[in-house]
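Peer 1: Generate coordinates for the sequence data below:
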Amino acid sequence: MGSAIFTNGNNAYQVANIMYAGSVSEVPENRRQNGTTHSFKMITGLGTVFSYYKNEEFARKSRGALAAMLDTVKPKAFKHGGEFIDPSHIVCFSNVIQFKKPVGPYTHGLVLTMDTAEEKSQEIWLRYKSEDHAQKARKALWATVHSVNGMSNQTEKPPVAEHAASTSALPF
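Peer 2: Sure thing, here's the model as predicted:
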């Protein structure tokens, strides 16, 4: 990697400050400006920014270059499909949630809350095609957060069940 600065043509971002980079997606027809057709989302400590491109190929090449930079600067990242998540900026993450109505092929998900100043940018939804895939992803996320915080990567269970049992016996 020759630089720790990602540029999309208009703006330059310090790679170390990017805590989330989404996958490339098509820009809806009614939101296209200046001939842009594809974009990907990034979250920094200040909020969300979108990187727009005039075609899918340029968007994928740019996102690939960013991925290489992120892998170098943040090797312990959590990756989900085309998404990159810096686990050191995860404030909390949910249990597996079953969707009331499937979102395309996805039936289950997780919600991550990120450490960013812009409130509407704090939540990231990770979607999965089955409960089993979502549970495995949650376990992998758990292990990743543990390793980033210098804890062992043992296969321990989250203390949720133990904590719930101990608090139900409280007299108040």
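
Peer 1: The helix or strand that contains F6: which residues count as buried?
Peer 2: Assigned by DSSP states H and E, F6 falls within strand 5-7. For strand 5-7, burial by neighbour count (16 or more other C-beta atoms under 10 Å) applies to F6. Backbone N, C-alpha and C define where each C-beta goes, glycine included.

Peer 1: Residue numbering should commence at 21 henceforth.
Peer 2: In the new numbering, first residue 21, that becomes strand 25-27.

Peer 1: what are the pairing partners of that strand, and which direction each?
Peer 2: strand 32-34 (antiparallel) (DSSP bridges).

Peer 1: Residues touching the strand it pairs with, excluding its own?
Peer 2: Applying C-beta atoms under 8 Å, 6 or more residues apart in numbering, the contact partners of strand 32-34 are A24, I25, F26, T27, M62, T64, V69.

Peer 1: Tell me the one of the residues you listed nearest L161?
Peer 2: When the contacts of strand 32-34 are compared for distance to L161 (C-beta to C-beta), M62 wins out at 19.6 Å.

Peer 1: and the closest one, how many neighbours?
Peer 2: A count of neighbours around M62, defined by other C-beta atoms under 10 Å, yields 23.

Peer 1: what residues are up against it?
Peer 2: So M62 contacts Y33, I38, Y40, A41, G42, T68, V69, F70, S71, L86 (C-beta under 8 Å, 6+ apart).

Peer 1: Just send the residues you listed back as TSV, with secondary structure too.
Peer 2: Output for these, formatted as TSV (DSSP: H, G, I helix; E, B strand; the rest coil):
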residue	secondary structure
Y33	strand
I38	strand
Y40	strand
A41	strand
G42	coil
T68	strand
V69	strand
F70	strand
S71	strand
L86	helix
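
Peer 1: PyMOL command to pick out the buried ones of the residues you listed?
Peer 2: To isolate the buried ones among the contacts of M62 in PyMOL, judged by 16+ other C-beta under 10 Å, type:
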select buried, resi 33+38+40+41+42+68+69+71+86
